Structure formats: structure tokens, C-alpha cells
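**Student:** Starting from these lines, generate the structure:
(one chain, ligands or ions: 1)
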Amino acid sequence: MRITIFGTGYVGLVTGTCLADAGHDVLCVDVDPAKVEALNQGQVPIYEPGLAPMVARNRQEGRLSFTTDAEAGVAFGSLQFIAVGTPPDEDGSADLRYVLAVAATIGRHLDDYKLVINKSTVPVGTVDKVRAAIAAELQQRGRDIEFDVCSNPEFLKEGAAIEDFTRGARIVVGTESGRVRELMRECYGPYNWNHDKLIFMDPRSAELTKYAANAMLATKISFMNEMANLAERLDADIEHVRLGIGSDPRIGYHFIYPGCGYGGSCFPKDVQALARTARDVGYDAHILTAVDAVNQRQKASLYDKLAAAFDGDLAGRTVAVWGLAFKPNTDDMREAPSRVLMEAVWAAGGKIRAYDPEASRECRRLYGDRPDLEVVAHRHEALEGADALVICTEWKEFRVADFATIKSALTTPVIVDGRNLYEPEAVRKAGLLYFAVGRGNRV
Ligand code: UGA
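**Tutor:** A predicted model of the protein is given here:
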């Protein structure tokens, strides 16, 4: 099939590349000429395991290319994916400006039947808005051309996006048209093996499915963080509790790791947007607002523990930070707990020496040159001259640590671990004060 993808951000690039890899001919359109130029030279702007070689292979084989020419994009694909960003508005709802601009572009250049597919995470009812935007352009041109619009939310995890795309648990399609169902079956055919993963439903339910999935996952995390905070105050150990509850198959072991709060471009934004949608229809979504509030408090807890260990005075102190990305295997620092920690340390007059295997460049881009931030190239370098260590991301390389080296490098033997990487006993035996999450170690 010939497929056009609007937007070469995270979702668009992974979708386009994986569909090309399945044998389709894919043209990706983006408004950013520098990005398109770089992609056409094989440079992938994001860090995602396995993506760069896949882009290179499919470009070489002539199935994948990039352009800024939207008109050519509309002419190219019988399927037109919209995968542009939906940043949060000031009030927390998703900003549809870019999605509707693409819809208008499609309407302006449409010449024959096309299926338009909403891949972006968009509020319930957006399929109707996209349809209306395309129809308005056609009407203005005095043209009567058939087209369909469906919803096809993505469920990719950063760091595992290719695996999720090619071996995902489900492919949700929101449509009421038999023609669309057939086209989507053909599009995803190469990845729809083992058992039928296509789940068809009406567009509104598909749109809500995306939010409900993320809100449910975020709820699990905030719930566990709340239990961890309780465990700290009750001298219980959340790790035992996690094993104890996860063994019940109705609860399960997945996604119940307590930590320093969820970040990234999806959970915080989507939970807030759904709460906002609920308010718009006159419903007060108590669970959603609580999930968000617990998460914000959890992100602040790293600093609270650190400050308590220094009697509330961090002025002039240097804090080593291991991990800046919101989770491992990505360089993404959007809504990362590390940012809440660093900003609080700076506000208190402290300095940061940070290390992350992938996110150094992103950190420098976000915060620029400042005297109270040093981003270093090795985790042990971060400890030099530091008063305490805070772990914000569970990169694999942090899991094995030489506590004796850490202790001798730090001027004060304090580790605040937002990811429960170590056995508290082992750390304490090495003479360090260890403040993890929910492990009976309240400062
Ligand atoms: C999330 C969803 O997992 C995807 O299914 C969804 O497609 C995506 O959002 C999206 O809407 O695009 P992602 O944001 O890449 O994917 O990251 P996750 O791996 O889900 O992690 C999210 C956050 O939750 C991270 O900050 C992570 O540290 C935290 N987390 C996760 C926990 O604190 N505990 C856990 O047990 C699991």
C-alpha cells in the first residue's frame, strides 16, 4: 500500500518506519525542513533502540522517504496517517491545532478517495472534527470527493516502540465502515499474526480507549506510590507488599513498581486531559485528579528526602544525580522527576553534577550553560565533590554499584534512590544512609 504519515515525531517516525519495514511504500511529511533534511540523510533525531538501522534499511530499499511537501504527501498515500503533536493547552486539554491543520491540508489537496487515520492522542470526538475540517475545505473547492476518517490510537512505549509496534497486544481501530475495516486489515496485515489483534469499535470508544489505557496504568503507579508512602510511615517494606499483591493474577506484577513518579510525554498529559474532558461534560473525575496530585507529590518527594537528610539546608551543597531521562532507554526528559529535583535543589541554592547515559545533550538543551549545573560523562565523575547522590532513573548500569567507592567519593554518605535499585541492608552495611521508596527508611 502507499501510505503517507504526517508528523515525524516519535509516533509518526516509528509508525512510518515499521510500516515501510512491513513492505509498504511510505512517505513521511513534516513542516520542519531541517528535520526532513536530516532524516533524508539517515540521521534519526530521537534515541530509540533499533530505529536508526530500520530507517536506514528502508530508505536504502526505497520504501521510506521524507518531505516537507504536504501536497505531494496528500497525493501519495491511499492511507493518510495524522501523527502530529497534541501539546497540552493552558487548561490541560489537548491542543488540536496541528491535527486540524493537517486535516485542512488534506481537504485542500484531496483528489481521490483516501482514508485518513488519526494516530495522535486526541480527545473523544476528534474524528468528527477532522472529518468536518476536510469536508469544509472540499466544500470551499466545490468538490465532492469521498473520504473516510478513523481513529487508530498508538500504544507504543518509548524505548520499546519497535517491539510494541511489531508485536503489540492489540490494534484498535475506531470506525463504522466496512471499507475502512478492510483497508486497516491490509495495512496491519504483516503485524497481525499469531492471533487476530485488530479490535474494531466506534470512533469515540477508540479515542477513549487510548486515554483509559494510560489513565489505568498511571493509576496503578500512583496507587503503588501511595502505598509506598504509607509503608515508609508504618515501617513496612513496599517491596514485600509488591510481591505479595502482584502474585494475585487479578492484580499482576506488571506496572506496580513504586518510584519517584511517572513522567514522559503521555501519562501526565493524558491524565490531565481526560480529567479536563470529564469536567467539560460535567463530571468530576475524582480518581484522575487524585492520580495526578499523588504523582506531583511523588516527584517532589526526592527533594523532600534529600532536604530532610541535610536538615533542610542545601545551600552551597552539591548533589550528584544519576539518571535524567524520565525512564531508561530514552533521552526524553519531558516531565522527568529529575527536573523537579534539580529545580528544587537550585532554588535552595545547591548545585547539580548529573550523569545520564543518553540524555546529557537534552539536559544541556533544556537548561543551557549555568554555573550550578555540570553534566558529566561518567557516573563516578558525578560523585566527585558531591555531598549526596540521588538516583532518578533506573538505567541498567546503575543496578550494580560499588558502595565503598560511592561512600568514599561523597562528602556525606547519603543516597536517595527514587527507583529502589538496591537492597537497603547491603547499602547500610557499607556505611551509607539509604533513602529509597517505601522501604521503611523515612528520614
Ligand atoms: C506510555 C504507555 O506505557 C504506552 O502504552 C503509551 O502508548 C504511551 O505512554 C503513550 O501514550 O504514547 P511511555 O510514556 O513511553 O508509555 O512510558 P512507560 O514505560 O509507560 O513509563 C511511564 C512512566 O511510568 C515512567 O516515568 C516510568 O518510570 C513510570 N513507571 C512505570 C513507574 O513509576 N512504575 C511502573 O511500575 C511502571
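**Student:** Kindly state the pLDDT recorded for residue 441?
**Tutor:** pLDDT recorded at residue 441 is 63.
**Student:** no wait, residue 42
**Tutor:** Note for residue 42: predicted pLDDT of 88.
**Student:** Pretty sure it sits against residue 55.
**Tutor:** Yes - between residue 42 and residue 55 there is a contact under CB atoms under 8 Å: 6.7 Å. For every residue, glycine as well, the C-beta is placed using N, CA and C.
**Student:** between the two, which one's more packed in?
**Tutor:** It is residue 55, of residue 42 and residue 55, that has more neighbours when counted by other CB atoms under 10 Å, with 24 against 12.
**Student:** The more buried one against residue 39, yeah?
**Tutor:** Yes - if you go by CB under 8 Å, residue 55 and residue 39 touch, sitting 7.2 Å apart.
**Student:** Give me the common contacts of these two.
**Tutor:** Residues touching both residue 55 and residue 39 (CB atoms under 8 Å, 6 or more residues apart in numbering): residue 13.
**Student:** Tell me if I am right that residue 214 is in a helix.
**Tutor:** Yes - according to DSSP: H, G, I helix; E, B strand; the rest coil, residue 214 belongs to a helix.
**Student:** quick one: the strands in the stretch 201-350 of the chain?
**Tutor:** 318-322 (DSSP state E, counting those that start in this stretch).
**Student:** Give me every residue in this protein lying close to the ligand.
**Tutor:** 121, 154-158, 214, 217, 221, 255-257, 259, 262-264, 266-267, 326-327 (CB under 6 Å from any ligand atom).
**Student:** Neighbours of the nearest residue to residue 218 once chain neighbours are set aside, how many?
**Tutor:** Once flanking residues are discounted, residue 218 sits nearest to residue 267: 4.4 Å by CB to CB, 6 or more residues apart in numbering. When neighbours are counted by other CB under 10 Å, residue 267 registers 23.
**Student:** looking at it, residue 267 is touching residue 211, isn't it?
**Tutor:** No - using CB under 8 Å, residue 267 is not in contact with residue 211; the gap is 10.7 Å.
**Student:** My guess is residue 342 contacts residue 352. True?
**Tutor:** Yes - the pair residue 342 and residue 352 qualifies as a contact (CB under 8 Å) at a distance of 5.1 Å.
**Student:** Quickly note the distance from residue 379 to residue 400.
**Tutor:** For residue 379, the distance to residue 400 equals 11 Å [CB to CB, to the nearest Å].
**Student:** ugh, wrong one, I meant residue 133
**Tutor:** Taking CB to CB, one finds residue 133 at 53 Å from residue 400.
**Student:** returning to that earlier point: are any of the residues of the chain next to the ligand buried, and which?
**Tutor:** Among these, those classed as buried by 16 or more other CB atoms under 10 Å are 121, 154-156, 158, 214, 217, 221, 256-257, 259, 262-264, 266-267, 326-327.
**Student:** so what pLDDT did the residue of the stretch 51-200 of the chain found nearest the ligand get?
**Tutor:** Closest approach between the stretch 51-200 of the chain and the ligand, counting by CB to the nearest ligand atom: residue 158, at 3.6 Å. The model reports residue 158 with a pLDDT of 87.
**Student:** State the pLDDT value of the closest residue in space to it that isn't next to it in sequence.
**Tutor:** Using CB to CB, 6+ apart and skipping the chain neighbours, the partner closest in space to residue 158 is residue 330 (4.5 Å). For residue 330, the pLDDT comes out at 90.
**Student:** residues contacting residue 330?
**Tutor:** Contacts of residue 330 (CB under 8 Å, 6+ apart): 47-48, 158-159, 358-359.
**Student:** The helix or strand that residue 34 is a member of: which residues count as buried?
**Tutor:** Here residue 34, judged by DSSP states H and E, is contained in helix 33-40. Buried residues in helix 33-40, counting neighbours by 16+ other CB under 10 Å, are found at 35-36, 39.
**Student:** ok, now stretch 400-415?
**Tutor:** Neighbour counts using 16+ other CB under 10 Å place 401, 403, 406-407, 409-410, 413-415 of stretch 400-415 among the buried residues.
**Student:** Present those as CSV; the columns should include secondary structure.
**Tutor:** Below are these laid out as CSV (three-state DSSP):
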residue, secondary structure
401, coil
403, helix
406, helix
407, helix
409, helix
410, coil
413, coil
414, strand
415, strand
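**Student:** Could you confirm residue 389 falls within a strand?
**Tutor:** Yes - residue state for residue 389 (three-state DSSP) corresponds to a strand.
**Student:** Tell me what it is bridged to.
**Tutor:** Counting by DSSP bridges, residue 389 is bridged to residue 320, residue 415.
**Student:** before we move on, the earlier item: who touches the residue of the stretch 51-200 of the chain closest to the ligand in this structure?
**Tutor:** Listed by CB under 8 Å, 6+ apart, the contact set of residue 158 reads 10, 48, 264, 327, 329-330, 332.
**Student:** Surely residue 125 and residue 206 touch.
**Tutor:** No - contact criterion CB under 8 Å: residue 125 and residue 206 do not qualify, at 11.6 Å.
**Student:** Based on its surroundings, how many neighbours for residue 182?
**Tutor:** 10.
**Student:** can you tell me the helix or strand for it?
**Tutor:** Here residue 182 is assigned to helix 178-188, by DSSP H and E.
**Student:** Kindly report the same for residue 164.
**Tutor:** Under DSSP H and E, the secondary-structure element containing residue 164 is helix 161-166.
**Student:** quick one: contacts of that helix?
**Tutor:** 10, 14-15, 17-18, 21, 48-51, 54, 155-157, 191.
**Student:** List the buried residues in that helix.
**Tutor:** Neighbour counts over helix 161-166 (16+ other CB under 10 Å) mark 161-162, 164-166 as buried.
**Student:** got it, and stretch 89-98?
**Tutor:** Buried residues in stretch 89-98 (16+ other CB under 10 Å): 92-94, 96, 98.
**Student:** which outside residues touch that stretch?
**Tutor:** Residues from elsewhere that reach stretch 89-98 (CB under 8 Å, 6+ apart): 7, 84-88, 120-123, 126, 129, 269, 272-273, 275-277, 280.
**Student:** run the last query once more with 10 Å
**Tutor:** Applying CB atoms under 10 Å, 6 or more residues apart in numbering, the contact partners of stretch 89-98 are 6-7, 9, 31, 82, 84-88, 103, 120-123, 125-126, 129-130, 133, 211, 268-277, 279-280, 292.
**Student:** Buried among those residues? Need that as a selection in PyMOL.
**Tutor:** In PyMOL syntax, the buried subset of the contacts of stretch 89-98 is picked out as below (16+ other CB under 10 Å):
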select buried, resi 6+7+9+82+84+85+86+88+103+120+121+122+123+126+129+130+133+211+268+269+270+271+272+273+274+275+276+277+279+292
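**Student:** In a markdown table: the buried residues of stretch 89-98, plus secondary structure and pLDDT.
**Tutor:** Compiled in a markdown table, the buried residues of stretch 89-98 are given as follows (DSSP: H, G, I helix; E, B strand; the rest coil; pLDDT from 0 to 100):
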| residue | secondary structure | pLDDT |
| --- | --- | --- |
| 92 | coil | 70 |
| 93 | coil | 76 |
| 94 | strand | 78 |
| 96 | coil | 94 |
| 98 | helix | 96 |
